[in-house]
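Engineer: Dropping a prediction and its sequence here:
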Amino acid sequence: MKKIIILLVIFCVITVTAVSADSATFDTMINTVTPGYGEIGYGLFPVATCFQYDKDNLTLIKDYKHKANVSLESQFYLENTSMDYTYAYDTGRPKWYLTKKEQENYKYKSGEYFNPNAYIDFYLAQPYGTNPISKGGSLGTLYIGLNTHFSLGLESLGTSSTGKGFLFVDDKGNTVTPFDSYVSAFPWLSGKRQVLTNYLYLESSFNFNESTGRDAYDGAYASVSFEFGPSWLANTNSSGVMSNYWRASAYLEEKITLFNIRQDNDWNWFTGYFGHSNSFSYTGGDIIPQYKITSDRLRAYVSDRIWLHFAFPQFLVPDCYSYMEFSLYNTYYFGHVVNEVDQSTFAGEYASYFSAYYHLRLFGFVKFEYDLSYNFFRGIWPSFSSWNNKATLTFSVTL
Amino acid sequence: MRKKLLIIILLFITFNLSAIGFGFHILEVKTMPDFGANTFPTSLFYQFNFPMPDFLAGNTTLLTFRLDNGMEERLLKQNPDDGRIIDNDATLKEGFANQEARKYTTHYDEFLLIYEQGFFGQDLVKFHFSFGGRFELSFERLFWMFDNKNTEGLFYKSPDKPRYPSSSWAGAPELAGNRNIFQTFLNFGLSFNYLKDEETVKNGISLDSMLRLSPIWMPLTDKTADFISLYNVLKINYTPIAVYQKGNHKEYTNFSLVLGNDLSYRWIMGEKVPYYIQGGVITGAYVPNTSSIITNRTYVSIYGPQIAAKDCYPVVTGFHELGYSFGDILNMNSKNSFTAYVGTIGFRAEFNIYNICRLYYQMGYVYKTAFSDETKVITSFGFTLGV
């Protein structure tokens, strides 16, 4: 019955939004499920699908100068997820917090599982006020939204080819410990492992900037947001509570344009700006869902970023151009460990890394991204300095 | 292989980018019963049409890129070792203590680059040509080894016992080896369209024919497909009764009755015919996979009031579907002629919203199956999205 009600609610949301949509966006991302069962499609075919409907020009307040919009986004994606053996499954205590003697009684489980996920995100956005710097546009936008997320915890794809290597069951299909009861540190792997979670969110942005060229601004931008996923919001199933958390976040950035060279037709030739930002996030609550787990499971972080941004010439059409960013991130993570039963562990760690990022946009529907980064330091769970790189190709279509 | 595929995809992208901007699109969203009870989408089908100058005045020229990707549940229909139809062999059927174990899951991606040209004014006749590729990865059904009631799988009879240890997978060529396939194909199509706008649906007649070539020598293919197929569909619609609204929306109807018939003939020749091209499915019944299949759907639709727009209405459809298989059974080691027919009657209640979203409830009574006198009632409830 509960499923039917949720189904009907989602039907209604989809229906109302879809019917009223006068623009729609479809995205599909190329990604891989690794290592899994070989690599799906040699790593060249999409394993994630995303589509989005938007309805613009809604009048919520009569005669108000700013129109609202609603958006509905749905994504389906496949993952091969590793169970993190650095946290005791019964207590949620991190291995790095224990002495060698305590580690002898440490209960952990390691292995991979197949993890199909989907979510539907629905929000209403209402701009307000007037930007005092640009003397036009809105001062900010208020967002209120609902996110519904569903995931399955299944045996890894590799078991379909080998017939062995099960994580959740033995060879007779009997659920093994600890998955036969509520898994405190990994609640999404408890019992049925079919997890529906929901959260509400409220967010506001503030614009104190003006555009000086393609992707370039002078001024400041800020946002604050609050997420709320309590147990009573259909976040409890027969295995127990799957989500009971809240999160507060804040972000502030400042940008100064360094140069702005235009083409004869006023398209961008070369633009550069310097940016600085700070962000803060704190996650409260006793059950944090899988997709909201924080870095090293610490509840809070403060982050500082400085970067240089260079936008290169627009060519053929306005939405054909590329840009590069060179960034230095410094982040301090701190607080208690989430999903730890007795909340006895308090820790802090410092992380610092450099990133060189390249972004190419072609005709608005193909985006290529390449990110090369170097980790200088990662504190609590020591890792050596290392280079990382990642490339992403995204198709995006807007009606 | 990886490099070749990457080059092909980049060439596709580069080629597509030579068209500046793009036009309208088709979208279809599908769901799976095993994933969130059909609530969350699991696959998406869409295309973008690149603007092209019309080469012939009064007719449309289209260049389209289409992508279809997602996950779906399938049922094994033929014995992988030799191609015998499982439902036609009591021993094979009984080999599955749990018939659920015949199900498996496939993740797929298909892309197509299509060129289409209309002729004879207002696209009365259209020709299209396309090149495409399809990747598939198949694995056990989602809930295999989920608990002790689901230990029997399709590929593993029990966790330590492969069901089909033979190296021969004639009956299901796409499931051979690591069940990871990539195939390419060419399509040639011709269509005749004499449909005219009416109150709710277009009335008239249309005929579509498509020839697909996916021989073993196609570039980039991993040789898991080897077939030629010809698919023809004849559609006829007629609206004998329409009662119009009064007031501001005189062009809208309060009620209309539509009679229709869809007739299809599918012919396939080849040594390796993958699951996705087999076709010939009618509501609730399996149409055996032979070289020739005819399906026919006759229906009567009663349209309710058009609300707010012409494409926003409730509709109830009563239908009768018939499937007829004849010729050689495909994917069999030896030639075996086979003839069977299946039949279903039923109704479908649907609410169509701006031709974007359709909420439906459908019930069908399968009064004739191919292999026994067994009858069954099937119902389904859900939504489809499409632009």
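Structural biologist: Sure, I can see it. Numbers count the residues shown, from 1 in each chain, chains lettered A, B, ... in the order given.
Engineer: of all the residues in the stretch 201-350 of chain A, which ones are close to chain B?
Structural biologist: Applying C-beta under 8 Å from any C-beta of the partner chain, one finds that the stretch 201-350 of chain A approaches chain B through A:Leu316, A:Val317. Using the backbone N, CA and C atoms, a C-beta is placed for each residue, glycine as well.
Engineer: Okay, strands next: where are they in the stretch 201-350 of chain A?
Structural biologist: For the stretch 201-350 of chain A, applying DSSP state E, counting those that start in this stretch gives strands covering A:216-229, A:236-237, A:240-241, A:244-262, A:268-287, A:298-311, A:321-337, A:346-362.
Engineer: wait, which of these is closest to A:Gly137?
Structural biologist: strand A:216-229 (11.7 Å; C-beta to C-beta).
Engineer: Strand partners (parallel or antiparallel) of the closest one?
Structural biologist: The pairing partners recorded for strand A:216-229 under DSSP bridges are strand A:194-213 (antiparallel), strand A:244-262 (antiparallel).
Engineer: Would you mind finding the most buried of these?
Structural biologist: Ranked by mean neighbour count under mean count of other C-beta atoms under 10 Å in any protein chain shown, the strands paired with strand A:216-229 are led by strand A:194-213, which reaches a mean of 19.
Engineer: would you list every one of the strands in the stretch 101-250 of chain B?
Structural biologist: B:103-119, B:125-140, B:156-158, B:161-162, B:180-196, B:203-214, B:226-244.
Engineer: The stretch 51-200 of chain A now?
Structural biologist: A:68-77, A:80-83, A:111-114, A:117-128, A:140-152, A:154-155, A:194-213.
Engineer: quick one: stretch A:102-122 near chain B?
Structural biologist: Yes: under the criterion of C-beta under 8 Å from any C-beta, chain B is reached by stretch A:102-122 at A:Pro116, A:Ala118, A:Tyr119, A:Ile120.
Engineer: Could you pick out the residues of the stretch 51-200 of chain B near chain A for me?
Structural biologist: The interface of the stretch 51-200 of chain B toward chain A, taken as C-beta under 8 Å from any C-beta, is made up of B:67, B:69-71, B:107, B:109, B:135, B:137, B:139-140, B:142-151, B:153, B:155-156, B:158-162, B:178-180, B:182.
Engineer: Select only the buried ones of these in ChimeraX?
Structural biologist: Per 16 or more other C-beta atoms under 10 Å in any protein chain shown, the buried members of those correspond to this ChimeraX selection:
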select /B:67,69,70,71,107,109,135,137,139,140,142,143,144,145,146,150,151,153,155,156,159,179,180,182
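Engineer: Contact partners for B:Val125?
Structural biologist: B:Val125 makes contact with B:Gly118, B:Phe119, B:Leu190, B:Ser191, B:Phe192, B:Asn193, according to C-beta atoms under 8 Å, 6 or more residues apart in numbering or on different chains.
Engineer: For A:Tyr85, state which of those residues is nearest.
Structural biologist: Set against A:Tyr85, the nearest of those by C-beta to C-beta is B:Ser191 (58.3 Å).
Engineer: Could you pull up the residues touching the residue nearest to B:Lys103 when sequence neighbours are not counted?
Structural biologist: Closest residue to B:Lys103 apart from its sequence neighbours, by C-beta to C-beta, 6 or more residues apart in numbering or on different chains: B:Arg141 at 4.3 Å. B:Arg141 makes contact with B:Asp34, B:Glu73, B:Glu100, B:Ala101, B:Lys103, B:Tyr104, B:Thr105, B:Gly153, B:Leu154, according to C-beta under 8 Å, 6+ apart.
Engineer: Serialize the residues you listed to CSV and add fields for distance to B:Asp208 and pLDDT.
Structural biologist: As requested, the contacts of B:Arg141 are exported to CSV (distance: C-beta to C-beta, whole Å; pLDDT from 0 to 100):
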residue, distance to B:Asp208, pLDDT
B:Asp34, 33, 86
B:Glu73, 28, 93
B:Glu100, 36, 91
B:Ala101, 37, 93
B:Lys103, 31, 95
B:Tyr104, 31, 96
B:Thr105, 31, 95
B:Gly153, 39, 94
B:Leu154, 34, 94
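Engineer: Now the buried members of those residues.
Structural biologist: For the contacts of B:Arg141, buried by 16+ other C-beta under 10 Å: B:Asp34, B:Glu100, B:Ala101, B:Lys103, B:Tyr104, B:Thr105, B:Gly153, B:Leu154.
Engineer: Where does the second one sit: helix, strand or coil?
Structural biologist: Assigned with DSSP: H, G, I helix; E, B strand; the rest coil, B:Glu100 falls in the helix class.
Engineer: What residues does it make contact with?
Structural biologist: Contacts of B:Glu100 (C-beta under 8 Å, 6+ apart): B:Arg141, B:Asn150.
Engineer: Great, nothing more from me.
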